[in-house]
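Undergrad: Here is my input; please provide its structure:
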Amino acid sequence: MKNYRDHFENATGGQSRPGNSVKLLTNGAEIFPAMLEAITGAQHSIEFATYVLWRSDIATEFANALCERARAGVQVRLLIDAVGGAVMSTRTVGALERAGVKVAWFRPIRVGHLMKFNHRTHRKILVVDGHTGFTGGVGIADQWGGDADNLRHWRETHCIIEGPACADLHSSFAANWFESTAERLGNPREADHAGHLSILTTSSTPGQRPTAMESLFEAAISVAEKRLWITTAYFVPAPEFVAALCAAARRGVDVRIITNGPHTNHKLTRRAGQATYDTLVESGVEIFEYQRTVLHVKLITVDHQWVTLGSANFDGRSLVLNDELNISFVDRQLVAYLDRQFEEDQASSRRIDLLQWRRLPWPERVAISASRIFSKQL
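TA: Residues are numbered from 1 along each chain as shown. Predicted coordinates:
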């Protein structure tokens, strides 16, 4: 059997941690109750980093839970990206701080941050008491509520991690926290083993190219022999990734991509990605646009065995500009479950037919081509 662990460790420079368990969570109906249960059960510490914390009922519910734990003596730290959380209620922030929650903003608009302002933290991290962690794609807003059952509720995948890999989530949180507050967080006691999974955490930051996330995605494409299934909210692959995906399809890999259809929250990003469809589909890549609601999932499965999931989309913003975090592991049972979800999402999607695609009205084709000008920032 192919040694995925060595392949991805060598590609990213990371090191897997054994002894973990992972539980997959689908949509807000499963994600939010699990996160809130972990928060309300915290005894010592809560470390919570999010890109989105929008003014909403669910944000208030999270804030109330964090306040209650802070009043009970739990060390609560909340890190919010200054762009993603810009519409957060100031009243909520005040209530959190009065309760004893340490609230920090990542890269607010300041003179000293202007050169870095385009580099955001898009990581989604919750670590409770050092042994229970959450990551994936969810934002804290009512759009993620429900079960992707209507246009107001988005499709999402998140997960719970139990075990030593929570230390890597802590390290990523601590790095962003230090930049924002100058407070150094100590290393927690390594959590007890909680399962059989070895988890590789890829914590990617802008800077030297390729970034760790670029290397992870490149390695996933290159290692695939039978199947490469990608679900991504925003799909704007750079030319080198287009070439790699085409090469995988030509060597016989079943390459499928599900991305947003008409119900996207970033229409320009969708257009920029569509500019690659012609080349990809001609080479044998199957592309599907999700039709039910906004798709916000970010995951890749390879050869029925390996998966990476987290905050990183398949676009330049995630791979080059943002701080992102993904976890990766080998587990046939969990990958089979995710592949079944992929097939369900595919059934709710429209397949791109090459002949029909080439018959798009010329104004639409011009708009798609023009959007590529912005592709590196999307």
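
Undergrad: What segments of the stretch 1-150 of the chain are strands?
TA: For the stretch 1-150 of the chain, the strands defined by DSSP state E, counting those that start in this stretch cover 17-26, 45-50, 75-81, 102-106, 125-128, 132-136.

Undergrad: For the last one, buried residues please.
TA: By neighbour count with 16 or more other CB atoms under 10 Å, strand 132-136 contains the buried residues 132-136. Heads up, the C-betas are built off the backbone N, CA and C, glycines and all.

Undergrad: want to throw the residues you listed into JSON lines with pLDDT?
TA: Shown next, in JSON lines, are the buried residues of strand 132-136 (pLDDT from 0 to 100):
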{"residue": "T132", "pLDDT": "98"}
{"residue": "G133", "pLDDT": "98"}
{"residue": "F134", "pLDDT": "98"}
{"residue": "T135", "pLDDT": "98"}
{"residue": "G136", "pLDDT": "98"}
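
Undergrad: Let's have the residues you listed in CSV, adding distance to A99.
TA: Formatted as CSV, those follow (distance: CB to CB, whole Å):
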residue, distance to A99
T132, 22
G133, 23
F134, 21
T135, 25
G136, 27
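
Undergrad: Can you tell me which of the residues you listed is nearest L268?
TA: Ranked by distance to L268 (CB to CB), those are led by G136 at 24.6 Å.

Undergrad: ok, now how distant is the residue nearest in space to the middle of the chain from H7?
TA: Nearest to the mean C-alpha position of the chain, by CA atoms, centre = their mean, lies S311 at 1.4 Å. As defined by CB to CB, to the nearest Å, S311 lies at a distance of 22 Å from H7.

Undergrad: By mean pLDDT, point me to the weakest helix or strand of this structure.
TA: Least confident helix or strand, the chain: helix 362-371 with a mean of 75, by mean pLDDT, DSSP states H and E.

Undergrad: and that one, what does it pack onto?
TA: Identification of packing neighbours for helix 362-371 by 3 or more CB pairs under 8 Å, 6 or more residues apart in numbering; DSSP states H and E yields helix 267-274.

Undergrad: Which SSE is immediately downstream of the helix it packs on?
TA: Beyond helix 267-274 on the C-terminal side, the first helix or strand identified by DSSP states H and E is helix 277-282.

Undergrad: Now do the strands in the stretch 201-350 of the chain.
TA: For the stretch 201-350 of the chain, the strands defined by DSSP E, counting those that start in this stretch cover 227-232, 235-236, 254-260, 286-290, 298-302, 306-310, 314-315, 324-330, 349-351.

Undergrad: winner for burial among those strands?
TA: The highest mean neighbour count among the strands of the stretch 201-350 of the chain, using mean count of other CB atoms under 10 Å, belongs to strand 235-236: a mean of 28.

Undergrad: which other residues reach the least confident helix or strand of the chain?
TA: Residues from elsewhere that reach helix 362-371 (CB atoms under 8 Å, 6 or more residues apart in numbering): 268, 271-272, 274-275, 360.

Undergrad: Are any of those buried, and if so which?
TA: Buried among the contacts of helix 362-371 by 16+ other CB under 10 Å: 268, 271-272, 274-275.

Undergrad: Just the closest of those to T40, please.
TA: Distances from T40 to these, taken by CB to CB, are shortest for L268, at 39.6 Å.

Undergrad: pLDDT value on that closest one, please?
TA: If you check L268, the pLDDT there is 93.

Undergrad: do the same with R227
TA: Model confidence at R227, given as pLDDT, is 98.

Undergrad: ok, the nearest residue to it once chain neighbours are set aside - contacts?
TA: Spatial nearest neighbour of R227, excluding adjacent residues (CB to CB, 6 or more residues apart in numbering): D254 at 4.7 Å. If you count contacts by CB under 8 Å, 6+ apart, D254 has them with 226-229, 286.

Undergrad: Find me the pLDDT at D254, would you?
TA: Looking at D254, its pLDDT stands at 98.

Undergrad: S348 versus that one, what's the distance?
TA: 19 Å.

Undergrad: do I287 as well
TA: Taking CB to CB, one finds I287 at 15 Å from S348.

Undergrad: Could you dump the strands of the stretch 1-150 of the chain into TSV with distance to I373 added?
TA: Shown next, in TSV, are the strands of the stretch 1-150 of the chain (distance: least, CB to CB, whole Å):
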stretch	distance to I373
strand 17-26	36
strand 45-50	31
strand 75-81	25
strand 102-106	28
strand 125-128	33
strand 132-136	31
